[in-house]
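Chemist: Build the 3D model from these lines:
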Amino acid sequence: MAGGKICLIQLVSEETVQNLLPVLALRPASVVHVRTSKTKERSNWIIEAARQSGVEAFKKDLDLEEMPGIKNTYDAVACAIDEALGLEQTPVVNFTGGTKLMSIGAYQAAAARKVDSIYVDTEHLHFTDGGTSSNLPRLVNGDFSFSPIGRMLNVDSISYANGSERVTPGKDWRKYAETAAFMLQHQDDERRCWQAVNKDLFQNGAEPKEPEKWKSLKDRNLNIPQECAVLAAEAGLLERNNMGFALPSKLIDELNHNPRAVESLKFITSFFSGAWWEVAVAKAASESGLFRDLRWSVNIGAKYSGPGREEDIVAVQGVQAVYVSCKRGGAKSRLLGQLDELDNRGRTIGGRFVRKFLAVYLPLNDRTGADVRKRARELNVKIIQPLKGKIPEQSFS
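Modeler: Purely as a prediction, here's the structure:
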């Protein structure tokens, strides 16, 4: 007779969230992964993602041929069920992943052995009882929704489940929220800030590559509107002097013994060039109350692949990753081509079930704008744009 400990037997899917969620919901003592060479590496991702979400389980792998049929899968799953029963564990078969033939074989094995089976319906955000036994409602405490396990997930665990082993905490956007809010509400002042950096400070819009050229900017005032400059100085972005506001002199002086200080200077100029818009979007996303673990300026990538790419905004909503790419926009912004890149990056972090947003500050009113909106619909990317100095409340719904 089956005991109290659960053994989750599941077909490893290319969409790993279908394997991660049952582990979190059932908290099994052991997991058996039935996999092919195509899904082999995902087995460890799933278990590590579960561990990062607070669930640890012993794992065993059963490797099948590249294109297993119904019988091959049936035999493997039936063997795993019998072994679990022999250890007085309660087997539960997740038949969601794999090919259709594999799914049929796994389901038939659960039905033949009269043990519980489960299907992960990511589209409708709930589990479905396979009906091969009557014990599953008790194992999930009568709740087949994803709600109880949503709070267990974070950006790290979802990213790891999809193969990204390194996720940084990101930067604190709240320090710059007041400055960003002012720029959002004052379009003319925002334009002057952009020009102050891209036209006045950098003659051709290109940042200096050598630290020595950054040093020449010491005490050089930026033509940034007074009210905005005061807020930026309070946030540590600018420094007030007798003539106005300039880049912080201590950062420029630091270049004498620390060349990496140039990154802090680049951050400041990029803020006025458009990164402020990322902060404004992060603030609106946070105030919407829809998201958890919201992070700004995050590096996500493989563990040993060097510096990861910096993402604008990532978060979690329910059991889905949320990916937001922010662009100031304009004639040279190449938004249409960037949509496909956004789609690829979002899938890398959150798989097929990721929620994707493109936040564009400047209006999308011309023919290019129409093309961008059309392509966004095709890729299931929602576009966010400001309206009368605000980001509409429904932008993230």
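Chemist: got a list of what residue 69 touches?
Modeler: Residues near residue 69 by CB atoms under 8 Å, 6 or more residues apart in numbering: 101, 105. Every C-beta, even on glycine, is put in place using the N, C-alpha and C of the backbone.
Chemist: show me what contacts the residue nearest to residue 58 when sequence neighbours are not counted?
Modeler: The shortest distance from residue 58 to any residue other than its chain neighbours is 4.5 Å, reached at residue 30 (CB to CB, 6 or more residues apart in numbering). Contact analysis of residue 30 by CB under 8 Å, 6+ apart lists 5-8, 57-60, 84, 89.
Chemist: could those residues be laid out in CSV, adding pLDDT and neighbour count?
Modeler: Output for the contacts of residue 30, formatted as CSV (pLDDT from 0 to 100; neighbours: other CB atoms under 10 Å):
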residue, pLDDT, neighbour count
5, 94, 14
6, 96, 22
7, 97, 27
8, 98, 27
57, 92, 18
58, 94, 11
59, 94, 17
60, 96, 14
84, 96, 27
89, 95, 20
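Chemist: Sort out for me which of those residues are in helices.
Modeler: Judged by DSSP state H, helices contain the following of those: residue 84.
Chemist: Please convert the contacts of residue 30 to CSV, extending it with distance to residue 256.
Modeler: Output for the contacts of residue 30, formatted as CSV (distance: CB to CB, whole Å):
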residue, distance to residue 256
5, 63
6, 62
7, 63
8, 59
57, 54
58, 55
59, 53
60, 58
84, 66
89, 65
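Chemist: Take the contacts of residue 30 and keep only those in strands.
Modeler: Among those, the ones falling in strands (DSSP state E) are 6-8, 58-60.
Chemist: could you dump the lowest-mean-pLDDT helix or strand in the chain to PDB, C-alpha only?
Modeler: Lowest on mean pLDDT, DSSP states H and E among the helices and strands of the chain sits helix 211-215, with a mean of 84. Written as PDB, here are the backbone C-alpha positions of helix 211-215 (Å, rounded to 0.1, in the frame of the first residue of the first chain):
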ATOM      1  CA  PRO A 211      38.700  57.600 -19.100                       C
ATOM      2  CA  GLU A 212      40.900  60.700 -19.900                       C
ATOM      3  CA  LYS A 213      38.200  62.200 -22.000                       C
ATOM      4  CA  TRP A 214      35.700  61.700 -19.200                       C
ATOM      5  CA  LYS A 215      38.000  63.700 -17.000                       C
END
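Chemist: roughly how far apart are residue 344 and residue 323?
Modeler: Counting by CB to CB, to the nearest Å, the gap from residue 344 to residue 323 is 10 Å.
Chemist: what about the two, which has more around it?
Modeler: Between residue 344 and residue 323, counted using other CB atoms under 10 Å, residue 323 has the larger neighbour count: 25 against 10.
Chemist: Grab the nearest non-local neighbour of the more buried one.
Modeler: Residue 323 sits nearest to residue 346 (CB to CB, 6+ apart), 3.8 Å away.
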